[in-house]
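J.: structure, please.
(4 chains)
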2 protein chains.
Amino acid sequence: MSTHAVTKSKPSVKARRAKAKKQRRTKAEQRADSSEQILDSAEYLFSKRGLYGVTMRDVAKHVGIHETLVKYYFQNKENLFEAVFARRANVTVSRRMLALEEYERQAGDKPTVEGALHAFLDTDLDLYYYGGEGWMNYAAFGARASNTPEGAAIMDILFDPVVLKLIGILKRALPTHPEENIFWGYHFVTSALMNTLGRTGRIDRLSGGLCHSDDFPAVKKLIARFMAGGFKAIGR
Amino acid sequence: MSTHAVTKSKPSVKARRAKAKKQRRTKAEQRADSSEQILDSAEYLFSKRGLYGVTMRDVAKHVGIHETLVKYYFQNKENLFEAVFARRANVTVSRRMLALEEYERQAGDKPTVEGALHAFLDTDLDLYYYGGEGWMNYAAFGARASNTPEGAAIMDILFDPVVLKLIGILKRALPTHPEENIFWGYHFVTSALMNTLGRTGRIDRLSGGLCHSDDFPAVKKLIARFMAGGFKAIGR
DNA sequence: ATTATCTATAGATCTATAGATAATGC
DNA sequence: ATTATCTATAGATCTATAGATAATGC
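T.: Below is the predicted model of the structure:
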């Protein structure tokens, strides 16, 4: 801006960018690519600092693109937040839905709480744990959002189908349980799942290093069994 | 500022303030009072929008004092946040500590998981539910903070003593359980408690109005029993 | 011709600081 | 004399918008 020397250095930046990114991509590809990169960075940043702790500018910087592009693609921050939430929601919902349906078929008219919970919980824990860094970020993102008013409202829309499917099976597995108890039981289950996905490190410090926040396999070994035991204990 | 008419109206504001607030208070009283009011408003606002969703100015406006006073009393936002956390922490910790000690005495050498959990959980739920609006706000404040890195780190410092006390009793009640399982069990317990304290309204909508987020008595009737059933199920 | 990306800039908001005013404290 | 409260203001940061530039698309 100040000297023409600076101005002259610009082409090289653009050349780099062209070499690194373009290589004969269609506009549709470019758009998809930029959009995904923005979502990846937003997911990561929101997982660390929540909706209000991240600015559009933060996201742009993290991606390495110009500030105004984030707005160009997502209009405003709430929109971006919802887009992050929605992007992976279908995958987890349909995976769990399939697992529950598969379990129903296999269990016939004798579904158990533990069986249903294994299908519901293990499937999800595996997805996050073995799905790569992005999925791990999404887990923390969702967990952090889950106990905020804004986040919970979005979860209603995105996750209710699979949750109601689970609850349907639980009701058949526990026909004499009061209905409220089943809902409260689910409330305890999802609390444990969400707090696990959050990986705050608190359990690591509390246990003196015996347990690790990011050891989802360890949680997977216990959570369905634990929760099934819980449901068993609240029959009236 | 612009006309002297505006300037002249000032005394009446001050007169109102003087009438409403002062009435012969010492400076120490004034300081304590302002400080408490700021903490009350910050607690409420942080519970709704988290650390990053609230500005010092928001807090000042909510209290109805001048913007700079919040900084005058608490220096910066992180400090204010920690002060909110700390203000009520001792009350809940010492109440639960007493309840656990009382339970230990009464149970002698045969403590049960459910007994310990009743002491730990019911005591706290009662405090929030019957302690008035401020305590209910604190509950939501702590819940929201609990699955963030910043919040979890503060909870380590404030709540570890009573948590470790509980875990000590659980270990004695479950001498053959692997130690990790007890820590993971506690992780599930605190998840359920925190998510309950958050009162996001999700369970209300999910259950079609059958359950209510702010119905802590309903949770109290189930949570200790549920969790005790869970511990029982993860003996190996 | 359309659209992905960038430049420049205005306005709003937030934090931080220096210093004034008006109480309480001895 | 000390301190609670307020005034005024500077600088940083964030959002929002208009419009330029440089690609891809027919």
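J.: starting at the chain centroid, how far to stretch A:89-109?
T.: Averaging C-alpha positions (C-alpha atoms, centre = their mean, to the nearest Å) puts stretch A:89-109 18 Å from its chain's average.
J.: any residues touching that stretch, and which ones?
T.: Outside of stretch A:89-109, the residues that reach it under the criterion C-beta atoms under 8 Å, 6 or more residues apart in numbering or on different chains are A:111, A:115-116, A:118-120, A:123-124, A:127, A:158-159, A:161-162, A:165-166, A:169. Every residue, glycine included, has its C-beta placed from N, CA and C.
J.: now with 6 Å?
T.: Contacts of stretch A:89-109 with the rest of the structure, by C-beta atoms under 6 Å, 6 or more residues apart in numbering or on different chains, involve A:115, A:119-120, A:123-124, A:127, A:158, A:162, A:165.
J.: go through the longest helix seen in chain A and flag the buried ones.
T.: Taking DSSP state H as the criterion, chain A has its longest helix at helix A:77-107. Buried residues in helix A:77-107, defined by neighbour count with 16 or more other C-beta atoms under 10 Å in any protein chain shown: A:77, A:80-81, A:83-85, A:87-89, A:92-93, A:95-97, A:99-100, A:103-104, A:107.
J.: for residue A:20, give me the pLDDT.
T.: For residue A:20, the pLDDT comes out at 42.
J.: please apply the same query to residue A:200.
T.: Confidence per residue is given as pLDDT, and for residue A:200 that number is 93.
J.: helix, strand, or coil at it?
T.: Three-state assignment for residue A:200 (DSSP: H, G, I helix; E, B strand; the rest coil): coil.
J.: separation between the residue nearest to it when sequence neighbours are not counted and residue A:195?
T.: Leaving aside its chain neighbours, residue A:200 sits nearest to residue B:152 (3.6 Å; criterion: C-beta to C-beta, 6 or more residues apart in numbering or on different chains). The gap separating residue B:152 from residue A:195 is 10 Å, by C-beta to C-beta, to the nearest Å.
J.: those two - which one has more neighbours?
T.: Neighbours per residue (other C-beta atoms under 10 Å in any protein chain shown) separate residue B:152 from residue A:195, with residue A:195 holding more: 28 against 21.
J.: give the contact list for the more buried one.
T.: For residue A:195, the residues meeting the contact criterion (C-beta under 6 Å, 6+ apart) are B:147, B:191.
J.: what helix or strand does it sit in?
T.: The secondary structure element spanning residue A:195 is helix A:179-198 (assigned by DSSP states H and E).
J.: buried residues of the helix or strand hosting residue A:134, list them for me.
T.: When elements are assigned from DSSP H and E, residue A:134 belongs to helix A:133-146. By 16+ other C-beta under 10 Å, the buried positions in helix A:133-146 come out as A:134-146.
J.: who's in contact with residue A:234?
T.: Applying C-beta under 6 Å, 6+ apart, the residues contacting residue A:234 are A:181, B:222, B:225-226.
J.: give me that answer again for 7 Å
T.: Contacts were defined as C-beta atoms under 7 Å, 6 or more residues apart in numbering or on different chains; by that measure residue A:234 touches A:181, A:185, B:222, B:225-226.
J.: go back to the buried residues of helix A:77-107 and keep what's next to DNA strand D.
T.: Contacts with DNA strand D within these, as defined by C-beta under 7 Å from any atom of the strand: residue A:77.
J.: please parse chain A into its domains.
T.: As given by automatic domain parsing, the domain ranges for chain A are A:14-74, A:85-234.
J.: of all those, which one comes closest to residue B:41?
T.: Evaluated with C-beta to C-beta, these place domain A:14-74 nearest to residue B:41, the distance being 17.1 Å.
J.: how close does residue A:230 get to residue B:182?
T.: Summarising the geometry, the distance separating residue A:230 from residue B:182, computed by C-beta to C-beta, is 15 Å.
J.: cool, residue A:48 as well?
T.: Summarising the geometry, the distance separating residue A:48 from residue B:182, computed by C-beta to C-beta, is 30 Å.
J.: so those two - more neighbours on which side?
T.: residue B:182 (23 against 16).
J.: tell me which residues touch residue A:224, please.
T.: A:114, A:117-118, A:121-122 are the contacts of residue A:224 under C-beta under 7 Å, 6+ apart.
J.: which other residues reach stretch A:68-85?
T.: A:34-35, A:38-39, A:42-43, A:46, A:51, A:56, A:59-60, A:141, A:154, A:158.
J.: so which of those residues are in strands?
T.: Assignment to strands by DSSP state E places none of these there.
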